[in-house]
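**Q** next input, structure requested:
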Amino acid sequence: MIIHSLKTWARVAFALLFLLPFSFQSVAADNPFSSLEELGNSLGGDSDEPLDPDVAFVLSTKSENGKIIASWEIADGHYLYRDKIKITPVDPANISTGTIKRDTGELKHDEFFGDIYVYHNKASASLPITGSKDGARTASFKVKYQGCSEISGICYPPITKTVEASFDLISSAAAATLDDVSTPDSSDTAMTEQDEIAASLSSGSAILTIISFFGFGLLLAFTPCVFPMIPILSSIIVGQGDKMNTRNAFVLSLVYVLAMALTYTVAGILAGLFGENIQAAFQNPWILSSFAGVFVILSFSMFGFYDLQMPAFIQSRLTNTSNRQQGGSLSGVAVMGFLSALIVGPCVAAPLAGALIYIGQTGDAVLGGVALFALSMGMGTPLIIIGTSAGKLLPKAGGWMDSVKAVFGVTMLAVAIWMLERIIPEIVAMLLWATLFIVSSIYMGALEGIKEGATGWKKLWKGTGIILFTYGMMLLIGAASGNNDMFHPLKGMASSGTHTEQAKHLRFKKVKGLDDLNKALATAKANKQTVMLDFYADWCISCKEMEKLTFSDPDVQDALGNTMLLQADVTANDAQDKELYKHFGIIGPPAIIFYDAEGNEKRNHRVVGYMPADKFSNHVNQALN
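**A** You can find the predicted model right below:
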């Protein structure tokens, strides 16, 4: 039996050997093979056998122009996920980097991840190196990536390769211009608002861009960083007295807004090109005190004090000069618009940040500048309307005019206190507000009796004075009890305990400069903690809004319960603060940065500008959970 079987197999083998050349020629005529392996597949091998991942995705790395560059050769029928590609230093405490830049990729609908960007055939990514400890020029980096096979339908597990590389350094400002905002990562459901705005500048039509930025400006006009310009301009117009008419009020308002818009535009272009926030440089105590002093002087002129104190020969000379040329008043208003743009509203909002990102990335100062000018004119349109209306509605000379000027004099003092709040303790600010309200209420007759036959307007005036007096006294009592919240001056005083209950606030760990930040991030990574980094400054109004209204919210605090909270106080705007700005490619506060437990920044979840508590708590959950 065995011998019979051997004879049978021998005949089969002989037949195959005899027919093999003919079979090979027949197959080769239709589809020539380059290897015996392919021949084996044609004779019944499994063509769906998955490739080894190192064959499917061939990685190579190099260092060039201050960047670590990773490239992949991708086998046919395979692809890499764009958002899964990451390059990180093995020891982030010793190496500081910019933001990874990836090729755009192709949009693909994935059954697991939905719409996602992938790479076929080739892929590359680069990471700028901005600093190293002790001047080292060699370090280890982790390159992470993941891909799938369209042939077999399988997805490979995430792959991590550790590579050693020698490198040069790139400046932080140059690294900031390499930030990738062209397409979103699937791990982050959407780009940040400022990145979307920057991308729209690149892809949208010029007319649509200008209209959009004008609309952004209208929305920003009534934010705390811009709103104080309304009483400033109105007070200037009211201060002109009964000589002001609608036409002159419109001209003055337009000059003020144009000066403000040109200043914003030039300052924004310079910030985008060089990464220097000119407005931040004007937020020092001397400049703020001087500008506040200007408003105090203007307010006293509203009360008529200068008619008593200023020498007659100076008064007559100023009057004659004013009568001869209106240009003098126009130039003064222009200077006030220029100073208002630099000093009054230094906070960064998402539309402004988007325009600056676009300018920094492309160097296109023309389109970026036009967008900034449209933004500024949008911010200024309500000012023009209100200023022109003030000129039209001003009463004629007389008792009414004196009352209107007194109201705007108080408003100018309020603007002065508002500016000083950035550099004085909160208790002192509360005492100043209390003094302003109480003294104003006394002038309004809050402590006087209502005379017989008083008009309804007199009674309304007195009632308003009583409200101001009451609130001023509440501020005095609150300040005396140690409460520094002027919107809730008596909060906690009803407690039966011997101490007042203060709202719970987030407890931040202060970091100063890039080295401090890297050490804190390394600690958080070792402890598997997520991180929130808050950029704060005393002169940043939106930062204080976040502190009082958002960070005090219980839902926000719960969302951040297991997160390391870091705060970079950039009030001084010194070299270390500017180094941090450039590292992240931002212009100034307010800005909030998130990191996952692996120490990777969640760039697409950055927050620029004020965000209310309910929206912020949801944002934190998306970014960190």
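
**Q** low-confidence stretches in the stretch 201-350 of the chain?
**A** Counting by pLDDT under 70, the low-confidence segments of the stretch 201-350 of the chain come to 201-205, 239-244, 272, 274-277, 304-329, 345-348, 350.

**Q** try it again with 50
**A** For the stretch 201-350 of the chain, the stretches flagged by pLDDT under 50 are 307-311, 313-315, 318-319, 321-328.

**Q** show me the helices in it, by range?
**A** 206-220, 229-238, 246-274, 278-281, 285-302, 305-309, 312-324, 327-339, 350-362 (DSSP state H, counting those that start in this stretch).

**Q** for residue 105, find the nearest of those helices.
**A** The closest of the helices of the stretch 201-350 of the chain to residue 105 is helix 350-362. By C-beta to C-beta, the value is 18.4 Å. All C-beta atoms are positioned from the backbone trio N, CA, C, and that covers glycine.

**Q** after the closest one, which helix or strand is next?
**A** Scanning forward in sequence from helix 350-362, with DSSP states H and E defining helices and strands, the next element found is helix 365-393.

**Q** re earlier: hey, which of the helices of the stretch 201-350 of the chain is tucked in deepest?
**A** Most buried of the helices of the stretch 201-350 of the chain by mean neighbour count (mean count of other C-beta atoms under 10 Å) is helix 350-362; its value is a mean of 25.

**Q** from residue 331, how far off is the nearest residue to residue 257 once chain neighbours are set aside?
**A** For residue 257, ignoring the flanking residues on the chain, the nearest one in space by C-beta to C-beta, 6 or more residues apart in numbering is residue 380 at 3.2 Å. From residue 380 over to residue 331 the distance is 18 Å, taken as C-beta to C-beta, to the nearest Å.

**Q** same question, residue 416
**A** Look at residue 416 and residue 331: by C-beta to C-beta, they are 23 Å apart.

**Q** residue 94 is in contact with residue 136, correct?
**A** Yes - using C-beta atoms under 8 Å as the test, residue 136 is close enough to residue 94 to be in contact (6.7 Å).

**Q** which of the two has more neighbours?
**A** When neighbours are counted by other C-beta atoms under 10 Å, residue 136 and residue 94 differ, and residue 94 comes out ahead with 15 against 12.

**Q** where does the stretch 501-625 of the chain have low pLDDT?
**A** Per-residue confidence of the stretch 501-625 of the chain (counting by pLDDT under 50) places the weak regions at 501-503.

**Q** do a quick rundown of the helices in it.
**A** Under DSSP H, counting those that start in this stretch, the stretch 501-625 of the chain gives helices at 513-526, 541-545, 554-559, 575-584, 613-624.

**Q** relative to residue 165, which of those helices is closest?
**A** Closest of the helices of the stretch 501-625 of the chain to residue 165 is helix 513-526, at 18.9 Å (criterion: C-beta to C-beta).

**Q** what is the subsequent helix or strand relative to the longest strand seen in the chain?
**A** Among the elements of the chain assigned as strand by DSSP state E, the one spanning the most residues is strand 122-132. For strand 122-132, the following helix or strand on the C-terminal side (DSSP H and E) is strand 138-145.

**Q** just how off-centre is that following strand within its chain?
**A** The gap between the average C-alpha position of strand 138-145 and the chain average comes to 29 Å, counting by C-alpha atoms, centre = their mean, to the nearest Å.

**Q** and it, what other elements does it pack with?
**A** strand 57-64, strand 67-74, strand 86-89, strand 159-166 (3 or more C-beta pairs under 8 Å, 6 or more residues apart in numbering; DSSP states H and E).

**Q** return the set of buried residues in the shortest one.
**A** Spelled out, that is strand 86-89. Buried residues in strand 86-89, defined by neighbour count with 16 or more other C-beta atoms under 10 Å: 86, 87, 88, 89.

**Q** which among these gets closest to residue 603?
**A** The shortest distance between residue 603 and any of the buried residues of strand 86-89, using C-beta to C-beta, involves residue 86 and amounts to 11.7 Å.

**Q** and that closest one, how far is that from residue 604?
**A** Counting by C-beta to C-beta, the separation of residue 86 from residue 604 is 14 Å.

**Q** and if you look at residue 527?
**A** Using C-beta to C-beta, we find residue 527 at a distance of 24 Å from residue 604.

**Q** compare the two (neighbour count), which wins?
**A** More neighbours surround residue 604 than the other of residue 527 and residue 604, with 20 against 10 (other C-beta under 10 Å).
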